[in-house]
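# show me how the following folds:
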Amino acid sequence: MGRGNRSWIPCLATFLLVFGLTENGWAQARRSASAVVQGRVVDRAGAAVRGARVRLYRGTYEDTFYSYALVAAGETVTKADGSFSFSVPADQYTLQLATPRDQVAPWVAEPVSLRLAPGETTHPEIVARSGGLWGIVVAEAGSNKPLAQARVSIRELAGISNVMSATSGADGVAWIRLPPGEYEIQSVQCAGYAYDGQRRTVTLDEGDTPRVALLLTPNVRGVVRDPAGLPVAGARVRIVGAGREEATSDEQGRFEIVWDRQCQFRDALTFCLVAQHEPRNLAATMVIGRDATALDVKLQAYPTLTGRLTDASGRGLAGAWAYATLRVPNWGDTPLSEEIAVTGADGRFEIRAMPATGPCTLHTSAEAHGSKDTAVPVKTAGGLSFDVGTVTLPPANLSVSGRVLDSRGNPVANAMICGWGEGQPLKLNAETDAQGRFTLGRVCAGMVNLLVDVNVGDGRYLQVQTLVNAGAAGLQITVRDLYRQWSKEQSLIN
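Numbering: from 1, shown residues only. The predicted model follows:
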């Protein structure tokens, strides 16, 4: 190599010097962006509290809904003089006393909020106190047997606060120390049991040690048997009105359903259990009370429900839908399964293990066609079929069109239009364009109910419901402000 080839050496030296200075500047910037927390934990008399666990949380917005959450940023234990320290990046933080999981806290304290600037050193003081000690007794309803490992979640009634929790011991008691205030039990989780969700609250003062008893109802357990009394494996079991939980019986016919008694029908007194075993066409229904826990379910043989769906010309409709509902006491028409039968190429379908213990209805529909409900007089008949014959669905070859206007005659954009009616398709939806125009296609002949709804912001909705003839065009539909209409009616009443 010639001497000229070494001209890169001064450039490299310059680069390293600049890079070193820059890197040093970056390091200094990082150090200056950090902040120091030097605090103390003292009791109400000002004496140092030694060995207290202090946890630092950073406030952040996270997840899909951009919700605010506290994320642990550090934890330490106070020294003999009650002091503690953290070195963290400048940000917003919250200081709290921490307790090891599933232990009773020896102290409680109000959280301390911090807003740390770059290079700042702050000296917060956490005042520890004994607070109140709440004992939550968790037991099995009926037997009062203590339930261990039940996790009780508690929230403060005043303002927005984090959910606190405690776990019951072998004696069924979950202890939690809390600052003075009002609290309520939010939920209780215990394997094999369900909490009734009734509201329990307590007001705690300094030094209080109240107790509250919670009775948990065991999940619904039982055995599914065939007509000969032998256990049935693979039977599907669910409780109408008790949520969407479903269980499948094991090799011994045993099942267990998680019954959430906090569901929307929590005030109901009776429910209906439905059990089905489709391969053998066995099914059963039985009315149970809220306190039902151990059940013996005996299946009976029921026929397979069959039929054929056709269009107006008699051609079989492939890919059409069919499902059955059972009239259940106190609950009305109830789907017997989450699954829907789909017709084959010839339009035929079958629904197995349909417990015809009450009035049944067959619901059918198809793409580009209407729907039809048919009463089914099914009787118990081991291994036989019950054919409902041919069900003809009307064509959905019409439309409804027009414009949506407000009370001043202005077009309303982005208004949602939902349609329904006897024999109409199950899904009829449309949306207005910028000029308020809409077309609701694939409508069957007959009358159609229209619900027009639009959110205009600030909690206000424009809405109207009307009845029109299928095939109508050039409609002008005026929506009204629901809040203003309600206010006007209230004024007239007053």
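# C-alpha only now, for contacts and for neighbours.
Noted.
# now the element after the helix or strand of the chain with the lowest mean pLDDT, going C-ward?
In the chain, the helix or strand scored least confidently by mean pLDDT, DSSP states H and E is helix 8-33, which has a mean of 45. As assigned by DSSP states H and E, the chain's next helix or strand after helix 8-33 is strand 34-42.
# report the rounded mean pLDDT for that following strand.
The pLDDT scores in strand 34-42 average 94.
# ok, now stretch 179-188?
90.
# ok, now stretch 358-374?
Rounded mean pLDDT across stretch 358-374 is 92.
# okay, buried residues for it please.
For stretch 358-374, the neighbour count (16 or more other CA atoms under 10 Å) marks 358, 360-367, 369-373 as buried.
# need the contact partners of it.
Contact partners of stretch 358-374, identified using CA atoms under 8 Å, 6 or more residues apart in numbering, comprise 309, 311, 317, 319-328, 333, 375-378, 391, 393-397, 422-426, 442-444.
# buried subset of those?
Judged by 16+ other CA under 10 Å, buried ones among the contacts of stretch 358-374: 309, 311, 317, 319-328, 376, 378, 391, 393-396, 423-426, 442-444.
# next step: those restricted to strands.
309, 321-328, 376, 391, 442-443 (DSSP state E).
# export those to a markdown table and tack on distance to Asn469?
Converted to a markdown table, these look like this (distance: CA to CA, whole Å):
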| residue | distance to Asn469 |
| --- | --- |
| Leu309 | 26 |
| Trp321 | 26 |
| Ala322 | 27 |
| Tyr323 | 28 |
| Ala324 | 29 |
| Thr325 | 29 |
| Leu326 | 32 |
| Arg327 | 32 |
| Val328 | 34 |
| Val376 | 30 |
| Val391 | 24 |
| Arg442 | 13 |
| Val443 | 10 |
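# quick check, nearest of the residues you listed to Val223?
Checking those against Val223 with CA to CA, the nearest one is Val328 at 21.9 Å.
# for that closest one, give the beta-bridge partners.
Beta bridges link Val328 to Gly332, judged by DSSP bridges.
# what residues are up against it?
Here Val328 is in contact with Cys272, Thr334, Gly358 (criterion: CA under 8 Å, 6+ apart).
# how about the helices of the stretch 351-494 of the chain, start to end?
Applying DSSP state H, counting those that start in this stretch to the stretch 351-494 of the chain gives helices spanning 482-493.
# could you list the low-pLDDT ranges of it?
The stretch 351-494 of the chain contains residues with pLDDT under 70 at 378-385, 459, 482-494.
# could you rerun that using 50?
380-383, 486-487, 494 (pLDDT under 50).
# hey, where'd the strands end up in it?
360-365, 371-376, 385-392, 398-405, 416-420, 429-431, 437-443, 447-457, 460-469, 475-478, 480-481 (DSSP state E, counting those that start in this stretch).
# so where is the stretch 151-300 of the chain shaky, pLDDT-wise?
264.
# hmm, 80 instead?
Applying pLDDT under 80 to the stretch 151-300 of the chain picks out residues 158-163, 196-198, 240-245, 258-270, 290-291.
# now the helices for it?
Remark: no helices are assigned in the stretch 151-300 of the chain by DSSP H, counting those that start in this stretch.
# can you pull the contacts of the closest residue to Asp171 other than its chain neighbours?
Nearest non-adjacent residue to Asp171, counting by CA to CA, 6 or more residues apart in numbering: Pro146, 5.8 Å away. Going by CA under 8 Å, 6+ apart, Pro146 touches Val137, Val138, Ala139, Glu140, Ala170, Asp171, Gly172, Val173.
# for the last one, give its distance to Gly207.
Okay, so that is Val173. As defined by CA to CA, to the nearest Å, Val173 lies at a distance of 18 Å from Gly207.
# and these two? Which one has more around it.
More neighbours surround Val173 than the other of Val173 and Gly207, with 25 against 14 (other CA atoms under 10 Å).
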